[in-house]
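K.L.:
Build me a structure from this.
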Amino acid sequence: MTTVEDFSCFDLAQTIACIASDLQTPHRGVAAAFGLFQEGNTIPFIARYRKEVTGSLDEIALRFIEDALTKAKELADRKATILKSISGQDLLTTQLREQILACQDKKTLEDLYLPYKPKRRTKATIARERGLGPLAELLLAQQKLDKTKKAVVAPFVDPAKDVPDEASALAGACDIVAEVWSEDAGLRAWLVKQAQHGKVGSTVKRGKKEGGEKFEQYFDHSESVKRIPSHRLLAMLRGQSEGFLNVGLQLEDDVVVGEFKRQVIVNLGFEFRGELVSAAEDCYKRLLLPATESAVLEDLREKADVEAIDVFASNLKQLLLSPPAGSLPTLGIDPGFRTGCKVAVVDGTGKFLTNTTIYPTPPKSDTQGAAATLKKLIETYDIQLIAIGNGTASRETDAFVTSVLKEVQRPITKVVVSESGASIYSASDVAIAEYPELDLTVRGAISIAHRLQDPLAELVKLDPKSIGVGQYQHDVNQSLLKKSLEREVQSCVNQVGVNLNSASPSLLSYVAGIGPKLATSIVGYRDQNGEFQSRQQLLNVPKLGKKAFQQAAGFLRIRDAKNPLDNSAVHPETYHVVEKMASTLSVKTKALLGSSEILTKLQPNDFVDDQFGLPTIKDILQELVKPGRDPRKEFQTVDFAEGVNQIADLAQGMTLQGVVTNVTKFGAFVDIGVHQDGLVHISQLANRYISDPSEEVTVGDVIKVKVLEVDAQRKRISLSKKDA
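P.N.:
Down below sits the predicted model:
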């Protein structure tokens, strides 16, 4: 019995060679990365601690390799399935087998399989059931006949089979011919190529103009297939999915059909040429064009998805790596009008201390009482940071807090922070587990405070999609989006490092090699046994084995540990190297940390051995200069203009300070403190040409902008960074 294994198509050597060529990197590095993946190593661990093995491949290259290997394996598995299917039909020829094995993309592979693929009942299958297959083969052969057309068709007339006359016989045979042509891989590839010279167009559906105003610019719109920007394609497709637009492929049909006829009708003197012309027109309109339209739009959609996801991931990275304000006593305020402002106080470690509600704005307007409460909290808990959510009543609350701070004789940093996703967090299982006794509005205020202290530690508690730094996140490939964003979160967490004795399960779960279950187990062990005193103690955590320890240890930090290296990015497997360095200089290990003067006396090559090469030794020395260094930028605040609290307060020509909240391919959105982000179009980002807004700004940047135009009714603000 034939099995899928008999058709094994995965060629590892060829796959590695192709990946190495695409990356323009040595073959051995890709092969080494594959081997490390097979052993269960994570991307952050390989990128940081196995540089000499891979030739210093970074995370981006390692992700590419991992994805390419997965894609190649999936393609190979599909080839095996297809070969088995065709073989089971006794239709697998040597030529077809070679074509399938040589195929390098899924679409071409599926086109090759199409004629042999089990299909639904079509006009052609019905015609074959009526015995018209031989007549169709005769038409396809286009050879000179030795009898009349009537004599050729007559034998296929059979009223019992629902073929009452010659016309019916020819119509059925032409249905078969049209399907055969439509399933020809070469013809399908040719038409897809022709489509690259066409356009993607959208039109408004009948009766849908009202209610579809947000898609108004696409009511009658078309762009070149080759040049349509991803964000506009996704907007058009969203309009179609919401029932307002029709989106399709626009070709010069007369020209394309003419060329198609020339390709399929090779004998111009063939007696049934007229019937074949009709079959070709039917094939193009009914079968080939819809299939090509679907294939081209799907290809464009996939590319647009990748681009949109890349932008989302880049924005997410910048947000996660936003500078922390620090481990200081913080007061978080979740603003509101009718229900008041929820206030929560947390200490420098993020521990919740107390909460209350104040009413500094209408309708209650207890400004005096609110001010007294705020001052008392500041004094009682030695508040040094105040975080105000940027939602409803944010600017009014900000103005109130500013007035209170003028009466407080101490330096306090006040910051308006994004509360995107805070409401989702407040009602989540994570929040309930952290603060089961608190109302969700109080959890929101706590989250706002935590976001100021350490954005990364708090934002990892959210589904990355809810953080609000992408576009079309609900339209793109969801599994690809999830994978990409989770990779980015993991990368950021491991890049910064995690305090083992204060990290939440959510944060720990993103450390290389840990995951949600082990994270919960680590916190449970910590709660039961007290703070960790050393990294080695991790091996006492239930179900945390040597492999998980190897992957995670270098990214975990223990402050005031007995071994100072436990609070650095030096991996425990190389502690002996540092000890050798200290011995060489006749000093204690602790003396090396932070002492660039002592470390410059060491020669990296003196510590290279069979296990650890020069890249690792250099990384160790760099880490020893600034052990446990936080790679994030220095904390910076934005000063919103006083008196500019809503769109109505804006005027053309105003110069304001704002913070970049989102970056897209067409520009950047900036919060200028009026509850509605303004757009700096790509053309207004710099006094020079830029092809990508990320060349000029990133999420979290504090910038100056000039107001170009305000449309209060549509809530649109146009801004410029030029000469602002």
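K.L.:
Quick check: buried residues in stretch 422-430?
P.N.:
Ala422, Ser423, Ile424, Tyr425, Ser426, Ser428, Val430 (16 or more other Cβ atoms under 10 Å). From N, CA and C alone the C-beta is placed, and that goes for glycine too.
K.L.:
out of these, which one sits closest to Ser403?
P.N.:
Nearest to Ser403 among the buried residues of stretch 422-430, counting by Cβ to Cβ, is Ala422 at 24.9 Å.
K.L.:
Secondary structure and distance to Lys208 added to the buried residues of stretch 422-430, as TSV?
P.N.:
Shown next, in TSV, are the buried residues of stretch 422-430 (DSSP: H, G, I helix; E, B strand; the rest coil; distance: Cβ to Cβ, whole Å):
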residue	secondary structure	distance to Lys208
Ala422	helix	35
Ser423	helix	32
Ile424	helix	32
Tyr425	helix	37
Ser426	helix	37
Ser428	coil	37
Val430	helix	41
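K.L.:
of all the residues you listed, which two lie farthest apart?
P.N.:
Maximum distance among those (Cβ to Cβ): 13.4 Å, for Ser423 and Val430.
K.L.:
Dump the buried residues of stretch 422-430 to JSON lines, plus pLDDT.
P.N.:
Shown next, in JSON lines, are the buried residues of stretch 422-430 (pLDDT from 0 to 100):
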{"residue": "Ala422", "pLDDT": "85"}
{"residue": "Ser423", "pLDDT": "86"}
{"residue": "Ile424", "pLDDT": "90"}
{"residue": "Tyr425", "pLDDT": "92"}
{"residue": "Ser426", "pLDDT": "93"}
{"residue": "Ser428", "pLDDT": "93"}
{"residue": "Val430", "pLDDT": "93"}
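K.L.:
ok, so of the residues you listed, who is nearest Asp677?
P.N.:
Set against Asp677, the nearest of the buried residues of stretch 422-430 by Cβ to Cβ is Ala422 (16.8 Å).
K.L.:
I'd say the closest one and Asp334 touch.
P.N.:
Yes: counting by Cβ atoms under 8 Å, Asp334 is a contact partner of Ala422 at 7.4 Å.
K.L.:
quick one: common contacting residues for these two?
P.N.:
Gly389, Gly444, Ile448 (Cβ atoms under 8 Å, 6 or more residues apart in numbering).
K.L.:
Does anything pack onto the host helix or strand of the last one? Which helices or strands?
P.N.:
Secondary structure assignment for Ile448, by DSSP states H and E: helix 440-453. In terms of contacts (3 or more Cβ pairs under 8 Å, 6 or more residues apart in numbering; DSSP states H and E), helix 440-453 is packed against strand 330-334, strand 341-346, strand 352-358, strand 385-389, strand 413-417, helix 422-426, helix 429-434, helix 455-459.
K.L.:
Can you get me a residue count around Arg273?
P.N.:
Residues lying near Arg273 (other Cβ atoms under 10 Å) number 15.
K.L.:
So for the closest residue to it other than its chain neighbours, what's the pLDDT?
P.N.:
With Cβ to Cβ, 6 or more residues apart in numbering as the criterion, Arg273 has its nearest non-adjacent residue at 6.4 Å, and that residue is Ile265. You'll see Ile265 listed with a pLDDT of 97.
K.L.:
Isn't Ile265 up against Val277?
P.N.:
Yes: Ile265 lies in contact with Val277 (Cβ under 8 Å); the separation is 6.7 Å.
K.L.:
how about the host helix or strand of Leu316: buried residues?
P.N.:
Element membership of Leu316, judged by DSSP H and E, is helix 289-320. Residues of helix 289-320 classed as buried: 289, 291-293, 295-297, 300-301, 304-305, 307-309, 311-320 (neighbour count, 16+ other Cβ under 10 Å).
K.L.:
Tell me which other helices or strands it touches.
P.N.:
Using 3+ Cβ pairs under 8 Å, 6+ apart: helix 289-320 touches helix 185-195, helix 230-241, strand 245-250, helix 455-459, helix 478-496, strand 655-664.
K.L.:
who wins for proximity to Val416 among those?
P.N.:
strand 655-664 (8.5 Å).
K.L.:
That closest one packs against which elements?
P.N.:
With contacts defined as 3+ Cβ pairs under 8 Å, 6+ apart, strand 655-664 has these neighbours: helix 289-320, strand 667-671, strand 702-711.
K.L.:
what comes into contact with the last one?
P.N.:
By Cβ under 8 Å, 6+ apart, the list of residues contacting strand 702-711 from outside reads 636-638, 647, 650-660, 670, 672, 678, 680, 684, 697, 716-724.
K.L.:
could you redo the last one with a cut-off of 6 Å?
P.N.:
636, 638, 650, 652, 654-659, 670, 717-721, 724 (Cβ atoms under 6 Å, 6 or more residues apart in numbering).
K.L.:
now the angle between strand 655-664 and that strand, please.
P.N.:
Relative orientation of strand 702-711 and strand 655-664, computed by axes from the mean of the first three to the mean of the last three Cα atoms, to 10 degrees: 90 degrees.
K.L.:
mind listing what's buried in strand 702-711?
P.N.:
Ile703, Val705, Lys706, Val707, Leu708, Val710.
K.L.:
Farthest-apart pair in those residues, please.
P.N.:
Farthest pair in the buried residues of strand 702-711, by Cβ to Cβ: Ile703 and Val710, 18.5 Å.
K.L.:
And Phe156, how close does it get to Val163?
P.N.:
Phe156 is 6 Å from Val163, where distance means Cβ to Cβ, to the nearest Å.
K.L.:
Need the residues touching each of the two.
P.N.:
Common contacts of Phe156 and Val163 (Cβ under 6 Å, 6+ apart): Ala169.
K.L.:
Backbone dihedrals for the closest residue to Pro229 other than its chain neighbours, please?
P.N.:
Among residues not flanking Pro229 along the chain, Lys665 sits closest, at 6.3 Å (Cβ to Cβ, 6+ apart). With angles defined as degrees, to the nearest 10, Lys665 sits at phi -70, psi -20.
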